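In: Please work out how this folds:
(one chain, ligands or ions: 1)
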Amino acid sequence: MSTSVVKTSSGIWLAQVAVYPLAILACLAFLDWAAKSDFPMEAAQFIAFLTAIFVVMLCEHWMPFSQDWKRRIGSDRKIDILTLFSTMGVVFPALKNVGNLLAVVLVVWLFESPEAILFPTDLFFVTQLFMAAVIAEFGGYCLHRISHHFQVLWRFHLVHHSASRIYWMNAYRSHPINISWHYLASIFVLLLIGVPQEVVLGYSGLAGVVSVFQHANVAFKFGPLNYIFSTNEVHRWHHSTKLSEADNNYGNVLMIWDHVFGTFYLRPNESPASVGLHDTKGVPVHSFLKLMLYPFKR
Ligand SMILES: [Zn+2]
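Out: Residues are numbered from 1 along each chain as shown. Predicted coordinates:
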């Protein structure tokens with residue numbers, strides 16, 4: 001894969017180093033403010049998400065990691081647009097409504113009370129948010145890793161890996177069933193153990209911002225942040241066509257469980273030779289509808 005030779009003017013170097021930490025800090029500060037005020041958390045989530053997209057699009061134009069990845073391949077952008085809008089407009093709202101209702105029923109059944117008390121709610125909002133993230137990321141990590149090793153799950157998950165370039169928009173290239181099991185293993189668990197709604201929404205808001213940066217075609221310089229967050233430099237290896245590289249870095253927002261289970265992988269100043277599926281035989285990578293139906297085919 002040919003990577004761009006990014007001009008290393010002091011302005012670009014500063015942006016490569018500073019944009020990501022500033023974006024994460026701004027996101028956390030904004031969500032913290034929204035949680036403490038009457039500002040609706042759903043609106044805060046949406047504003048943070050749109051701002052992240054705007055910033056990443058500017059960075060992709062200004063300091064791309066790969067010039068090749070700026071150009072569409074076949075109908076990949078059409079698939080990414082369709083998955084983005086179906087995920088944000090249909091799948092996430094449906095999961096949220098059904099999940100909240102199901103969680104209330106289960107909590108009443110399990111604890112004989114409308115509220116579970118398995119989560120400390122008297123800590124600072126950002127502390128609660130990171131505690132919730134560690135818990136949610138554990139379920140997400142386990143299911144993500146399993147879905148790479150069991151064929152029946154891989155047929156759904158391969159939709160996310162079917163892009164042969166990485167840029168912000170394919171963050172949401174996922175099958176609805178894949179999104180649903182990830183939701184059950186992460187967000188739904190938070191609802192069951194009594195994590196407050198604003199903290200759950202805060203974690204979702206942070207995850208939305210991190211995932212846009214995670215897939216950005218931008219030559220950021222993360223330094224130690226690579227070991228904490230699932231940055232694009234780390235996540236790129238997970239999209240490698242080489243299985244020994246791709247079977248790593250399963251974290252969605254945080255890399256904590258990759259460190260715990262020994263799947264953290266990073267080669268500084270290197271990148272995978274190519275990204276996408278290690279075997280595309282029979283996979284309809286250029287059709288949204290066929291990709292959605294592919295897991296159900298014999
Ligand atoms: Zn994966």
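
In: quick one: low-confidence parts of the stretch 1-150 of the chain?
Out: 1-8 (pLDDT under 70).

In: helix or strand for the residue nearest in space to the middle of the chain, which one?
Out: Note on the chain: the residue nearest the mean C-alpha position is Ser211, at 3.5 Å, using C-alpha atoms, centre = their mean. In this structure, Ser211 sits in helix 197-214 according to DSSP states H and E.

In: So what touches that helix?
Out: 20, 23-24, 27-28, 31-32, 34-35, 41-42, 44-45, 48-49, 52-53, 56, 125, 128-129, 132-133, 136, 168, 171-172, 187, 190-191, 220, 229-232, 235, 252-253 (C-beta atoms under 8 Å, 6 or more residues apart in numbering). Bear in mind the C-beta positions are built from the backbone N, C-alpha and C, glycine included.

In: right, and Trp168 touches Asn217 too?
Out: Yes. Counting by C-beta atoms under 8 Å, Trp168 does reach Asn217; the two are 7.3 Å apart.

In: Common neighbours of the two, please.
Out: By C-beta under 8 Å, 6+ apart, the residues touching both Trp168 and Asn217 are Glu60.

In: for Pro120, helix, strand, or coil?
Out: Assigned by DSSP: H, G, I helix; E, B strand; the rest coil, the conformation of Pro120 is coil.

In: what's the burial count for it?
Out: Burial of Pro120 is recorded as 11 neighbouring residues (other C-beta atoms under 10 Å).

In: circling back to that earlier point, any figure for the gap between the residue nearest to the centre of the chain and Asn252?
Out: Per C-beta to C-beta, to the nearest Å, Ser211 is found 7 Å from Asn252.

In: Give me the secondary structure label for Lys221.
Out: Lys221 ends up coil, using three-state DSSP.

In: Please report phi then psi for it.
Out: Note on Lys221: backbone dihedrals following degrees, to the nearest 10 are phi -120, psi 110.

In: For the closest residue to it other than its chain neighbours, give me its contacts.
Out: Computed as C-beta to C-beta, 6 or more residues apart in numbering, the closest residue to Lys221 that is not its neighbour in sequence is Gln16, at 4.5 Å. Shown in contact with Gln16 (C-beta under 8 Å, 6+ apart): 6, 63, 219-221.

In: from the middle of its chain, how far away would stretch 45-58 be?
Out: Distance, stretch centre to chain centre, for stretch 45-58: 14 Å (C-alpha atoms, centre = their mean, to the nearest Å).

In: swap in stretch 129-138?
Out: Centroid separation for stretch 129-138 versus its chain: 14 Å, with C-alpha atoms, centre = their mean.

In: do stretch 133-140 as well
Out: Distance, centroid of stretch 133-140 to centroid of chain: 12 Å (C-alpha atoms, centre = their mean).

In: And for stretch 128-142?
Out: 13 Å.

In: Stretch 158-175 too?
Out: Here stretch 158-175 is found 11 Å from its chain centre; the criterion is C-alpha atoms, centre = their mean.

In: what's the spacing between the residue nearest to Lys221 and Asn178?
Out: Counting by C-beta to C-beta, the gap from Gln16 to Asn178 is 32 Å.

In: Buried residues, stretch 290-298. List them.
Out: By 16 or more other C-beta atoms under 10 Å, the buried positions in stretch 290-298 come out as 291-292, 294-295.

In: in this protein, which helix has the most residues?
Out: What stands out as the longest helix in the chain, according to DSSP state H, is helix 10-36.

In: Compute the inter-axis angle for it and helix 197-214.
Out: With axes from the mean of the first three to the mean of the last three C-alpha atoms, to 10 degrees as the basis, helix 10-36 and helix 197-214 are set at 160 degrees to each other.
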